[in-house]
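J.: Just the structure for this:
(2 chains)
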Amino acid sequence: MTMDKHDHYYHRDDLGRFGEIGNNVGPLAEKFFAWYGAVFTDGALSAREKSLIALAVAHAVQCPYCIDSYTRDALEKGSDLDQMTEAVHVAAAIRGGASLVHGVQMRNTTDKIGM
Amino acid sequence: MPRHLPTLQERRSPLASASTQLDRLHALALPRELDACLAEAGHHPLRAEGVKVLQLNLGKRCNQTCRHCHVDAGPDRTEVMAHEVVVRCLELLDRSAIATVDITGGAPELHPEFRWIVEQVHRRGRHVMDRCNLTILETRPYRDLPQFFADHDVEVVCSLPHYRGPSTDAQRGDGVFASSLRALRRLNEVGYGQGDPKRRLVLVSNPVGAFLPASQRSIEAEWKRELRRLHGIEFDALFCITNMPISRYLEWLESKGNLASYMDRLVTAFNPAAVEGVMCRTTLSVGWDGTLYDCDFNQMLELPITTHRRTIHDVDLDALAGRAIAVDRHCFGCTAGAGSSCGGATA
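T.: Have a look, this model is predicted:
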């Protein structure tokens, strides 16, 4: 397949083709999709809470497919935009904090080699 | 008070016409047709089981103009059920065992004979449901309705898209959420929402956008917890219903370029298990002019019942049982996901 300048690595329609991952090593895909479906059912956490976690993680891993999917899913599970935005802030806080806390490693190194 | 958007009719929009709405739906390429889906569910043709609910649409006048309204209701609408039609409906109750009368509109409370109608149905020992937009209870002539409802054992079925404000106001108008909370508190004060079957308070949530509703089983407990925590409000049950792709919601879908994808979503989410409980199978819906329909959505699309006698003036109850339901593409709204009806999910 050739690519021109209008091609992108991410295509919206590809999300609907997710199941094709089962075309090879099908039994593993079957296990994955069965487990995936079970993960998101109501349990100790509600399906709505799980959907918000998924939305936050989608932003943390910056997967455009997941962001599309879990924006819709969070709305369909009964969340509103304020709640979803707070979830994204949680993801951002952890990402930002993860960078900042490594500043301690920077300080340790500076202490060791600095004067 | 909530701001008012003009109705489709007031704007002379082509979508004010039922046939134009159906044309727009028929122009879409859908992944499957309804007939094939109903056949898969073992319900082709879709047939009624009888009449358990008599739904009266008292008219299209409303104090709100919600963006998703399937009636195109609003303050400018003048259609109102005539006294003679109401009398025929009461006569139908007298010669039948129909247990429930579901009163809707518009804002049905604006009908000049609303209280008399409720009294007459209650006197006949039938259960009355009032589909209430809540804000009408905050307007001066109707502020005493909560006590009136309580005195007549009326089940109050109220629209509230979300237990938080922004979504509600986006769909139903600025200030509607705050006004709705005040009305709910006054319903609570006269005994509604406390588990008393004669003071049953139901909330109806529908999506604020082009997506399917949440599972009412999954979120009802959270709604109860959050409405109590945030606003000190109690209610008995939550219905989650799907927006029908007709009237003002159809216009909104088109304006946002969402119509094709929304219909695709409804079709791909077709759930055979949801068909059994769709409301049209047990409902007779009476229009403001006395015409008979299988449901309120068919009423707005001017698709009357399929039997020979199609008005309240010559209704034949025996012929209604087992009648073939008039269906079209909008019906995918009631069969998607967990299903949708005036009583919430069907599956």
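J.: List the neighbours of the longest helix along chain A that are in contact with it.
T.: Longest helix in chain A by number of residues (criterion: DSSP state H): helix A:81-101. By C-beta atoms under 8 Å, 6 or more residues apart in numbering or on different chains, the residues outside helix A:81-101 that reach it are A:52-53, A:55-57, A:59-60, A:71, A:74-75, A:79, B:164, B:166-167. In short, each C-beta sits where N, CA and C put it, glycine included.
J.: Now render these as CSV, adding distance to B:Ala107.
T.: Listed next are the contacts of helix A:81-101 as CSV, based on distance: C-beta to C-beta, whole Å:
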residue, distance to B:Ala107
A:Leu52, 35
A:Ile53, 40
A:Leu55, 37
A:Ala56, 40
A:Val57, 44
A:His59, 42
A:Ala60, 46
A:Thr71, 34
A:Ala74, 32
A:Leu75, 27
A:Ser79, 29
B:Arg164, 24
B:Pro166, 23
B:Ser167, 21
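J.: Any of the residues you listed buried? List them.
T.: Buried by 16 or more other C-beta atoms under 10 Å in any protein chain shown: A:52-53, A:55-57, A:59-60, A:71, A:74-75, A:79, B:164, B:167, out of the contacts of helix A:81-101.
J.: First-to-last residue distance for stretch B:99-113?
T.: Stretch B:99-113 has an end-to-end distance of 21 Å (criterion: C-alpha to C-alpha, to the nearest Å).
J.: quick one: buried residues of that stretch?
T.: B:Thr100, B:Val101, B:Asp102, B:Ile103, B:Thr104, B:Gly105, B:Gly106, B:Ala107, B:Pro108, B:Glu109, B:Leu110, B:His111.
J.: State the pair within those residues that is farthest apart.
T.: Spatially, the most separated pair among the buried residues of stretch B:99-113 is B:Thr100 and B:Leu110, at 21.7 Å (C-beta to C-beta).
J.: Mind putting the contacts of helix A:81-101 into JSON lines with pLDDT?
T.: Output for the contacts of helix A:81-101, formatted as JSON lines (pLDDT from 0 to 100):
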{"residue": "A:Leu52", "pLDDT": "97"}
{"residue": "A:Ile53", "pLDDT": "98"}
{"residue": "A:Leu55", "pLDDT": "98"}
{"residue": "A:Ala56", "pLDDT": "98"}
{"residue": "A:Val57", "pLDDT": "97"}
{"residue": "A:His59", "pLDDT": "98"}
{"residue": "A:Ala60", "pLDDT": "96"}
{"residue": "A:Thr71", "pLDDT": "97"}
{"residue": "A:Ala74", "pLDDT": "96"}
{"residue": "A:Leu75", "pLDDT": "96"}
{"residue": "A:Ser79", "pLDDT": "95"}
{"residue": "B:Arg164", "pLDDT": "92"}
{"residue": "B:Pro166", "pLDDT": "91"}
{"residue": "B:Ser167", "pLDDT": "89"}
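J.: Name the nearest of those relative to A:Glu30.
T.: A:Val57 (23.2 Å).
J.: Double-check that the closest one belongs to a helix.
T.: Yes: the assignment for A:Val57 by DSSP: H, G, I helix; E, B strand; the rest coil puts it in a helix.
J.: what's the spacing between the residue lying closest to it once chain neighbours are set aside and A:Ala98?
T.: Distances taken as C-beta to C-beta, 6 or more residues apart in numbering or on different chains place A:Ala91 nearest to A:Val57, at 6.8 Å, with adjacent residues excluded. Using C-beta to C-beta, to the nearest Å, A:Ala91 is found at 11 Å from A:Ala98.
J.: what do you get for B:Val267?
T.: Going from B:Val267 to A:Ala98 by C-beta to C-beta gives 43 Å.
J.: can you tell me the residue of the stretch 51-200 of chain B closest to chain A?
T.: Closest residue of the stretch 51-200 of chain B to chain A, C-beta to the nearest C-beta: B:Ser167 (4.7 Å).
J.: Please identify which helix or strand holds that residue.
T.: Here B:Ser167, judged by DSSP states H and E, is contained in helix B:165-172.
J.: right, and A:Lys77 touches B:Gln216 too?
T.: No: taking contacts as C-beta atoms under 8 Å, A:Lys77 lies outside contact range of B:Gln216: 11.6 Å.
J.: Which one's more surrounded, those two?
T.: A:Lys77 (25 against 20; other C-beta atoms under 10 Å in any protein chain shown).
J.: Please tell me the pLDDT value assigned to the more buried one.
T.: On pLDDT, A:Lys77 comes in at 94.
J.: Can you tell me the closest non-neighbouring residue to residue 69?
T.: Picked chain A for this. Closest to A:Ser69 by C-beta to C-beta, 6+ apart is A:Leu15, at 6.8 Å.
J.: please go with chain B instead
T.: Of all residues not flanking B:Cys69 in the chain, B:Arg248 sits nearest, at 4.9 Å (C-beta to C-beta, 6+ apart).
J.: chain center to the helix or strand containing the one you found, what's the gap?
T.: Element membership of B:Arg248, judged by DSSP H and E, is helix B:247-255. Offset of helix B:247-255 from its chain centre (C-alpha atoms, centre = their mean, to the nearest Å): 17 Å.
J.: quick one: that helix to helix B:165-172, angle?
T.: Angle of helix B:247-255 versus helix B:165-172, following axes from the mean of the first three to the mean of the last three C-alpha atoms, to 10 degrees, is 100 degrees.
J.: What helix or strand is the residue in chain B that chain A sits nearest to located in?
T.: Closest residue of chain B to chain A, C-beta to the nearest C-beta: B:Ala214 (3.5 Å). Using DSSP H and E, B:Ala214 sits in no helix or strand.
J.: Likewise for the one 3 residues further on?
T.: B:Arg217 is located in helix B:216-231, with elements delineated by DSSP H and E.
J.: got a list of contacts for that helix?
T.: Counting by C-beta under 8 Å, 6+ apart, A:42, A:46-48, A:77-78, B:163-164, B:181, B:184-185, B:203, B:205, B:233-235, B:237-240, B:338, B:344-345 sit against helix B:216-231.
J.: Which residue is the nearest non-sequential neighbour of B:His68?
T.: B:Tyr249 (4.2 Å).
J.: now swap in B:Thr283 and tell me
T.: Nearest to B:Thr283 is B:Val53, by C-beta to C-beta, 6+ apart, at 4.6 Å.
J.: now the one you found: how far from B:Cys158?
T.: Separation of B:Val53 from B:Cys158 (C-beta to C-beta) stands at 18 Å.
J.: Which one of these two is surrounded by more residues?
T.: Comparing B:Val53 with B:Cys158 by other C-beta under 10 Å, the one with more neighbours is B:Cys158, at 22 against 18.
J.: and the more buried one, what does it touch?
T.: B:Cys132, B:Asn133, B:Leu134, B:Ser180, B:Ala183, B:Leu184, B:Leu187, B:Leu201, B:Val202, B:Leu203, B:Val204.
J.: In three-state terms, label it for me.
T.: Of the three states, B:Cys158 takes strand under three-state DSSP.
J.: With that, I have no additional questions.
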